[in-house]
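Engineer: The following comprises the amino acid sequence and a computationally predicted model.
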Number of protein chains: 4
Amino acid sequence: MEHEPRDPDFDERVRASFGQQNMMQTMGMSIAALAPGAIDIVFDHDDRFTQQHGFAHGGFIATALDTACGFAALTLMAPEAAVLTVEYKINYLRPASGATYRASAHVIKAGRTLTNCEATVTADGNEKPVATMTATLISLVDTGIKD
Amino acid sequence: MEHEPRDPDFDERVRASFGQQNMMQTMGMSIAALAPGAIDIVFDHDDRFTQQHGFAHGGFIATALDTACGFAALTLMAPEAAVLTVEYKINYLRPASGATYRASAHVIKAGRTLTNCEATVTADGNEKPVATMTATLISLVDTGIKD
Amino acid sequence: MEHEPRDPDFDERVRASFGQQNMMQTMGMSIAALAPGAIDIVFDHDDRFTQQHGFAHGGFIATALDTACGFAALTLMAPEAAVLTVEYKINYLRPASGATYRASAHVIKAGRTLTNCEATVTADGNEKPVATMTATLISLVDTGIKD
Amino acid sequence: MEHEPRDPDFDERVRASFGQQNMMQTMGMSIAALAPGAIDIVFDHDDRFTQQHGFAHGGFIATALDTACGFAALTLMAPEAAVLTVEYKINYLRPASGATYRASAHVIKAGRTLTNCEATVTADGNEKPVATMTATLISLVDTGIKD
């Protein structure tokens, strides 16, 4: 599905906003690909963010997916908008035992107020997803919050 | 709803497993209350885990809720079981702008294989939730993974 | 949680809108209780709406829960608003083998644009839920659609 | 993704089980395509199953998606298994104002106990989905219930 960004400077704006998420820096997550309606975030296993069996914590995986959905949505929002997550569901399909991860999100529908995204995270270049997410994001304007 | 734990030593076992989650220690999250089928996890705002507007990142909040659901479920599982998250949905209701947070989870139904939990996170002692979660957890036995 | 309706005539308006849902009449569903931010819908087992094992179909149960969430939300919306469902998640906890059912929904948060609800359905007066739902509803104004 | 069915007679078994869902017949839903891990269910607008604005009721749409996910999962389950829905989330993307609908589901992961599916429903042959669903199904054996 092709998307037309409302903000011609979406690339710069999304990267700037991403750069202000302390959590992305703390977790070593970075943008590997960015296009209208789509983003890839990559990150490595980190022993600080594991659960009790030594796998990557579900919250570590969810953080990447949630952030990917948010910024995929922001690529298509108006310049004056801020993006917030309304809700998401995540399904954990396989233990997160990789060395490297890629979270890929894309927009399913970009509405005036709400945007829907889908995202998956894969490990070590394998095709089979570790987890999948569907999310609803909201475009906020005139709230004093801006991306 | 009252629950009868299958493991008389559930308290010790849950605390030990929680202690092995590096992510809990990294994020400064600790157990404030623990009972059969229920747990409270408390944590403070941390500038390392913020999103682009300076609020607590959704992934920070989700990590606490997911972990709370997992350990609420584990309180009622058999001694030889390990717990993994199958899926959850989170709804973000208000910006997470608190100084302190409490994630409270309780079991809705403890089945032989699957357990359902609900959880909410509140900020600064306010009654109104910042976010709510419903989750499905699975009890794994004979997989080589144990809590 | 107490809610203040924005529309003093919410009761009449919700019942009129409910009455225009052909699906409610087709499925024999009716309002058993209505208050600001809350609704109960009752219905009976119906052999026309079963799944392959003879239980009530999940779609039959979900229809009652979704409708309950929608009208619980509508009780608190402005007189000129229409309500639509943005999303919901449903967890099926037990086989739906009852003779009678009650779907109870209440509002968790009534925002300007979005409203969050929780709902459960019980069978034959038992306390333990057959299924639970969390839903996000949207208030639409100036779209030509009205409740 | 290619899937290898465990039951060589999956096609016959799924169609027989589908035929026993009274709800499918009541709602005029039928199988338009069936393959290992995938199914299409088609149906028409029906004035008996509308919401208050005259659109197809969300429960009508959800019933098709839920059923599609269930039978997509069943195509890959063992001959002695029965399928039940654990949970799903549905996002409603557009008003359901079509004359004809197609619900397409496919398996994302077929595990020993749990299966994950995705599904979308489209209207009148348009590519853009009316709604999307992600679902978790469970394979039940030795419970006295069989598909």
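Structural biologist: Great, that's in hand. Since this is a predicted model, take the numbers as computed values, not measurements.

Engineer: With adjacent residues omitted, what lies nearest to residue A:26?
Structural biologist: Nearest non-adjacent residue to residue A:26, counting by Cβ to Cβ, 6 or more residues apart in numbering or on different chains: residue B:48, 4.4 Å away. Using the backbone N, CA and C atoms, a C-beta is placed for each residue, glycine as well.

Engineer: The one you found belongs to a helix?
Structural biologist: Yes: assigned with DSSP: H, G, I helix; E, B strand; the rest coil, residue B:48 falls within a helix.

Engineer: Please give me every residue in contact with it.
Structural biologist: Neighbouring residues of residue B:48 by Cβ atoms under 8 Å, 6 or more residues apart in numbering or on different chains: A:22-23, A:26.

Engineer: Any chance of TSV for the residues you listed, columns secondary structure, neighbour count and pLDDT?
Structural biologist: Shown next, in TSV, are these (DSSP: H, G, I helix; E, B strand; the rest coil; neighbours: other Cβ atoms under 10 Å in any protein chain shown; pLDDT from 0 to 100):
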residue	secondary structure	neighbour count	pLDDT
A:22	helix	17	98
A:23	helix	23	98
A:26	helix	21	98
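
Engineer: Determine whether any part of the longest helix along chain A lies close to chain B.
Structural biologist: Assignment by DSSP state H gives helix A:58-74 as the longest helix of chain A. Yes: contact between helix A:58-74 and chain B, assessed by Cβ under 8 Å from any Cβ of the partner chain, occurs at A:58-60, A:62-64, A:66-67.

Engineer: Between which two of these is the distance greatest?
Structural biologist: For the residues of helix A:58-74 next to chain B, with distances taken as Cβ to Cβ, the pair at the greatest spread is A:58 and A:67 (14.7 Å).

Engineer: which of the two has more neighbours?
Structural biologist: Taking other Cβ atoms under 10 Å in any protein chain shown, residue A:58 and residue A:67 do not tie; residue A:67 has more neighbours (28 against 25).

Engineer: per-residue confidence at that one?
Structural biologist: Note on residue A:67: pLDDT of 98.

Engineer: now swap in residue A:31 and tell me
Structural biologist: We have a pLDDT of 98 for residue A:31.

Engineer: Also residue A:1?
Structural biologist: We have a pLDDT of 61 for residue A:1.

Engineer: Also the one 4 residues further on?
Structural biologist: Reading off the confidence values, residue A:5 has pLDDT 95.

Engineer: which bits of chain A sit near chain B?
Structural biologist: Within chain A, the positions adjacent to chain B are A:17-18, A:20-23, A:26, A:47-53, A:57-60, A:62-64, A:66-67, A:82, A:84-92, A:95, A:145, A:147 by Cβ under 8 Å from any Cβ.

Engineer: For the residue of chain A found nearest chain D, what is the enclosing helix or strand?
Structural biologist: Residue nearest to chain D within chain A: residue A:89 (4.2 Å; Cβ to the nearest Cβ). Using DSSP states H and E, residue A:89 maps to strand A:82-92.

Engineer: repeat for residue A:34
Structural biologist: When elements are assigned from DSSP H and E, residue A:34 belongs to strand A:30-35.

Engineer: Any regions of chain A where pLDDT drops low?
Structural biologist: By pLDDT under 70, the low-scoring segments of chain A are A:1.

Engineer: So for residue A:126, what's the nearest residue that isn't a sequence neighbour?
Structural biologist: Closest to residue A:126 by Cβ to Cβ, 6+ apart is residue A:98, at 7.8 Å.

Engineer: picking that back up, and the residues of chain A next to chain B, which are buried?
Structural biologist: Neighbour counting over the residues of chain A next to chain B (16 or more other Cβ atoms under 10 Å in any protein chain shown) leaves A:17-18, A:21-23, A:26, A:49-53, A:57-60, A:62-64, A:66-67, A:82, A:84-92, A:95, A:145, A:147 as the buried ones.

Engineer: got the residues of chain A near chain D?
Structural biologist: Neighbours of chain D within chain A, by Cβ under 8 Å from any Cβ: A:89, A:91, A:93-94, A:108-109, A:116, A:118, A:128-129, A:132, A:134, A:136.

Engineer: now, which of the residues you listed lie within helices?
Structural biologist: Per DSSP H, the residues of chain A next to chain D never map to helices.

Engineer: from those residues, which ones fall inside strands?
Structural biologist: Residues of the residues of chain A next to chain D located in strands (DSSP state E): A:89, A:91, A:108-109, A:116, A:118, A:132, A:134, A:136.

Engineer: Spit out the contact partners of the nearest residue to residue A:50 once chain neighbours are set aside.
Structural biologist: Nearest-residue entry for residue A:50: residue B:22, 4.6 Å, with adjacent residues in sequence omitted and distances by Cβ to Cβ, 6+ apart. The contact partners of residue B:22, by Cβ under 8 Å, 6+ apart, come to A:47-50, A:57.

Engineer: could the ones in strands among the residues of chain A next to chain D go into a markdown table alongside distance to residue B:4?
Structural biologist: Listed next are these as a markdown table, based on distance: Cβ to Cβ, whole Å:
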| residue | distance to residue B:4 |
| --- | --- |
| A:89 | 30 |
| A:91 | 30 |
| A:108 | 44 |
| A:109 | 46 |
| A:116 | 42 |
| A:118 | 40 |
| A:132 | 35 |
| A:134 | 36 |
| A:136 | 38 |
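
Engineer: how about those residues, which pair is most distant?
Structural biologist: A:91 and A:109 (20.1 Å).

Engineer: So the residue nearest to residue A:126, which state does it fall into?
Structural biologist: Strictly by three-state DSSP, residue A:98 counts as coil.

Engineer: angle of the strand holding residue A:34 against helix A:58-74?
Structural biologist: Counting by axes from the mean of the first three to the mean of the last three Cα atoms, to 10 degrees, strand A:30-35 points 30 degrees away from the direction of helix A:58-74.

Engineer: Great, nothing more from me.
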